[in-house]
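Q: Just a sequence and a predicted model for now, questions to come.
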Amino acid sequence: MAKKTDKAAPKTEQRMVHEKRVHPRRTLRSQVIFEDESGEGFIYFYSTDISIGGLFLESDIPLKMGTRVFLSFSLRDDSAPIRAIGRVVRVERETADSMTVVGMGVQFSDLQESAKKIIEDYVSPASA
């Protein structure tokens, strides 16, 4: 008698397999200003969340994977902007109710220690 196997993993297991985040994240709705490596003018996007490793941006204008970007953003309205260099490491497209949502994951590649500490404090569960 052949053994029946179910090749489809439950949805929770599938999510865990696709979860590649190394750092804890926290919601951050902030305007992010950046220009790409070619020096084309400033572009404004809004972030959805942040970690010490990077942030996710909502955008209907996706940039190419690997694009180097120069970022400036604030964690709170009254705080000084954080400046960092990052690289687009993920582009997501989701279709929901006939609307296409595009977003980009940007990984920090150069972040000053002082900025890193500020972000660590922000994403810390104690500050939530």
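A: Perfect, thanks for sending it.
Q: Quickly note the distance from residue 80 to residue 107.
A: 22 Å (C-beta to C-beta, to the nearest Å). (Glycine included, C-beta is placed from N, CA and C.)
Q: I meant residue 48, not that one.
A: For residue 48, the distance to residue 107 (C-beta to C-beta) stands at 15 Å.
Q: likewise residue 91?
A: Computed as C-beta to C-beta, the residue 91 to residue 107 distance reads 13 Å.
Q: Tell me who's in contact with the spatially most central residue of the chain.
A: Here the mean C-alpha position of the chain is nearest to the C-alpha of residue 56 (C-alpha atoms, centre = their mean), at a distance of 2.1 Å. Under the criterion of C-beta atoms under 8 Å, 6 or more residues apart in numbering, the neighbours of residue 56 are 47, 48, 49, 50, 103, 104, 105, 106.
Q: could you show me where the helices are in this structure, in order?
A: With DSSP state H, the ranges of helices along the chain come out as 11-18, 113-123.
Q: Now do the last one: which elements does it pack against?
A: Counting by 3 or more C-beta pairs under 8 Å, 6 or more residues apart in numbering; DSSP states H and E, the packing neighbours recorded for helix 113-123 are strand 43-51, strand 82-96.
Q: buried stuff in stretch 56-73?
A: Judged by neighbour count (16 or more other C-beta atoms under 10 Å), stretch 56-73 contains these buried residues: 56, 57, 59, 63, 67, 68, 69, 70, 71, 73.
Q: one step back: higher neighbour count, residue 80 and residue 107?
A: Higher neighbour count among residue 80 and residue 107: residue 107, with 13 against 10, using other C-beta atoms under 10 Å.
Q: With respect to residue 87, which of the buried residues of stretch 56-73 is nearest?
A: Minimum separation from residue 87 among the buried residues of stretch 56-73 (C-beta to C-beta) is found for residue 68, which lies at 5.5 Å.
Q: The helices and strands packed on helix 113-123: which one's closest to residue 118?
A: Counting by C-beta to C-beta, residue 118 lies closest to strand 82-96 out of these; the figure is 6.5 Å.
Q: What residues sit buried inside the closest one?
A: Those buried within strand 82-96 under the rule 16+ other C-beta under 10 Å are 82, 84, 86, 87, 88.
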